[in-house]
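[1] Build me a model:
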Amino acid sequence: MKPIGPVPPPFADQRGMLRVAGRGADEWADELGTPAFVYEGAVAAARVARFRAAFPGVDLHYAVKANPHPPLVAMMAGLADGLDVASGGELALALRSMPAAAVSFAGPGKRDAELEAAIRAGATLNLESEGEAARALAVADRLGVRPRLAVRVNPDLELRGSGMRMGGRPSPFGVDADGVPALVRHLVAAGADWRGFHVYAGSQALDGGAVADAQAATVALAARLADAAGAVPPLVNLGGGFGVPYFPGDAELDVEHVGARLAKTLAASPAVLADSRFAVELGRWLVAECGVYLTRVVDRKESGGELFLVTDGGLHHQLAASGNFGTVVRRNYPLAVAGRMGAGADEVASVVGCLCTPLDRLGDRVALPRAEPGDLIALFLAGAYGASASPSAFLGHPPAAERLT
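    Numbering: from 1, shown residues only. Coordinates of the predicted model:
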């Protein structure tokens with residue numbers, strides 16, 4: 001038997017049939033079919049409110065990559081100060097809900113057509129290299145437009161304890177810190193509307209002290225780079241990195257501690273940053289808890305003394321939950337038999353999907369109440385990196401339904 005991660009607070013104390021946004025999981029399944037993602041908007045809105053209380057005066061950006069479901073993006077655009085995108089498709093989506101001046105575009109390998117779309121719209125490009133900067137300036141010159149350009153920094157620091165480290169090492173992301181001042185001077189001399197720095201040291205961190213330390217180091221780095229470049233950054237995007245507790249033993253990130261530490265850091269920040277605004281870019285932490293993935297048991301079988309609950313869902317919708325999205329050691333996401341919330345365990349079963357691969361395992365030998373064909377399995381923390389981060393075309397199964405409510 002292997003443990004599962006903690007069921008998130010909005011659902012943890014429920015009994016009987018799971019309710020999402022005031023309706024039973026069985027009602028959602030009857031309406032939408034299965035598999036389906038249901039996103040409870042009030043849960044994401046509560047996360048935004050918690051951030052606002054913990055980080056007064058700091059801008060909040062929503063990272064669209066976490067969940068680009070259009071109604072959810074539109075909702076987050078109304079709650080956040082900016083949208084951060086990572087492709088031309090996400091850019092077009094963001095521009096339907098947010099003024100271009102509040103949209104920023106990061107990511108390596110931007111095509112010329114994507115650079116042009118961002119420059120034409122007036123979105124900010126977070127430049128990942130000197131070569132990308134040259135291409136952006138050339139596009140802007142051809143269009144006769146003054147481009148909004150920021151520099152993404154590959155920092156000489158990393159976020160301790162992060163699930164995915166994105167700083168302190170050679171990287172396709174951002175310009176190495178020692179090359180940033182010269183690039184900023186070049187952008188300013190070329191007449192660009194320089195918008196500041198974007199620094200992202202890592203993601204999925206649960207250690208509040210480590211996040212606060214990384215933010216303090218990022219502020220200090222931004223000050224050094226600004227001094228060296230002789231240019232004040234209008235905005236310093238501190239990145240995000242806020243994690244959520246997916247697995248057994250994970251503890252919730254103390255965002256109030258992080259916010260208090262950042263307030264002290266900013267109060268003592270160097271004079272060169274006195275006129276700069278600061279932003280935190282979050283995706284997973286804002287929307288993971290709001291999502292529940294519902295999949296129906298279609299078969300119950302025993303093999304070699306083990307029980308398998310075979311569902312109509314799988315890794316083609318929930319790659320991360322199957323352990324195939326960057327996890328080194330596979331551990332179980334929180335899941336439940338949706339109609340028996342709070343019930344004791346009757347058996348140990350592996351919850352598997354409908355794909356012809358042994359990788360398609362949503363729950364590995366977990367203790368559950370008895371489930372029969374027709375019962376629903378609920379997989380939690382499904383609001384981030386679910387449908388859009390999974391190989392939905394694999395084996396030709398249909399996409400999962402999605403509903404924001």
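
[2] From here on, just use CA atoms for contacts and neighbour counts.
    Will do.

[3] How much space separates Gln14 from Ser203?
    Going from Gln14 to Ser203 by CA to CA, to the nearest Å gives 30 Å.

[4] Sorry, slip of the keys, the one I care about is Val211.
    From Val211 over to Ser203 (counting by CA to CA), the distance is 10 Å.

[5] max-length helix in the protein?
    helix 208-229 (DSSP state H).

[6] thinking again about what came up before, neighbour count: Val211 and Ser203, which is higher?
    Val211 (32 against 22; other CA atoms under 10 Å).

[7] That one contacts His257, correct?
    No: assessed by CA atoms under 8 Å, Val211 is found out of contact with His257, at 9.7 Å.

[8] OK, contacts around Ala393?
    Neighbour list for Ala393: 316, 399 [criterion: CA atoms under 8 Å, 6 or more residues apart in numbering].

[9] picking up where we left off before, which residues are in contact with the longest helix of the chain?
    Contacts of helix 208-229 (CA under 8 Å, 6+ apart): 155, 157-161, 177, 180-182, 184-185, 197, 199, 201, 205, 232-233, 236, 238, 241-242, 253-255, 257-259, 261-262, 265-266, 269-270, 272-273.

[10] Among those, name the buried ones.
    Of the members of those, the ones counted as buried by neighbours, 16 or more other CA atoms under 10 Å, are 155, 157-160, 177, 180-181, 184-185, 197, 199, 201, 205, 232-233, 236, 238, 241-242, 253, 255, 258-259, 261-262, 265-266, 269, 272-273.

[11] Now do the helices in the stretch 101-250 of the chain.
    Assigned by DSSP state H, counting those that start in this stretch, the stretch 101-250 of the chain shows helices spanning 112-121, 130-143, 180-189, 208-229.

[12] so which of the ones you listed gets nearest Asp312?
    Checking these against Asp312 by CA to CA gives helix 112-121 as the closest, at 37.1 Å.

[13] just checking, what packs against that closest one?
    Packing partners of helix 112-121 (3 or more CA pairs under 8 Å, 6 or more residues apart in numbering; DSSP states H and E): helix 88-95, strand 124-127, helix 130-143.

[14] and the longest strand along the chain, how far from the chain's centre?
    Longest strand in the chain, counting residues (DSSP state E): strand 291-303. How far strand 291-303 lies from its chain's middle: 26 Å, per CA atoms, centre = their mean, to the nearest Å.

[15] So, low pLDDT: which residues of the stretch 51-200 of the chain?
    The model of the stretch 51-200 of the chain has pLDDT under 70 over residues 157-171.

[16] any idea how far Glu306 lies from Val351?
    Glu306 is 11 Å from Val351, by CA to CA.

[17] quick one, which of those two is more surrounded?
    Neighbours were counted for Glu306 and for Val351 using other CA under 10 Å; Val351 has more, 23 against 11.

[18] Report the beta-bridge partner residues of that one.
    Beta-bridge pairing for Val351 (DSSP bridges): Leu309, Gly363.

[19] give the contact list for it.
    Val351 neighbours (CA under 8 Å, 6+ apart): 308-311, 361-365.

[20] For those, give me TSV that also has pLDDT.
    Shown next, in TSV, are these (pLDDT from 0 to 100):
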residue	pLDDT
Phe308	98
Leu309	98
Val310	98
Thr311	98
Arg361	97
Leu362	97
Gly363	97
Asp364	97
Arg365	97
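
[21] Tell me the one among those nearest to Arg300.
    For the contacts of Val351, the nearest to Arg300 is Leu309 (4.9 Å; CA to CA).

[22] Looks like the closest one contacts Val297 (just checking).
    Yes: shown here, Leu309 and Val297 form a contact pair, counting by CA under 8 Å, at 6.2 Å.

[23] overlap in contacts of those two?
    Ala371.

[24] isn't Leu125 right up against Ala140?
    No: using CA under 8 Å, Leu125 is not in contact with Ala140, being 11.7 Å away.

[25] Now do the shared contacts for the two.
    With CA under 8 Å, 6+ apart as the test, Leu125 and Ala140 both reach Ile119.

[26] These two - which one has more neighbours?
    Counted by other CA under 10 Å, Leu125 and Ala140 do not tie: Leu125 has more neighbours, with 29 against 19.

[27] Could I get the contacting residues of the more buried one?
    Leu125 neighbours (CA under 8 Å, 6+ apart): 104-106, 115, 118-119, 148-151.

[28] Can you flag which of those belong to strands?
    104-105, 148-151.

[29] Format the residues you listed as CSV; extra columns: distance to Ala46 and neighbour count.
    Conversion of these to CSV gives the following (distance: CA to CA, whole Å; neighbours: other CA atoms under 10 Å):
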residue, distance to Ala46, neighbour count
Ser104, 24, 26
Phe105, 26, 23
Arg148, 32, 22
Leu149, 32, 27
Ala150, 30, 29
Val151, 32, 29
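
[30] Now, of the contacts of Val351, which are buried?
    308-311, 361-365.

[31] wait, which of these is closest to Gly88?
    So of the buried ones among the contacts of Val351, ranked by how close each gets to Gly88 (CA to CA), first place is Leu362, at 31.6 Å.

[32] quick one on the thing from earlier: and the two most separated of the buried ones among the contacts of Val351?
    Thr311 and Arg365 (14.8 Å).
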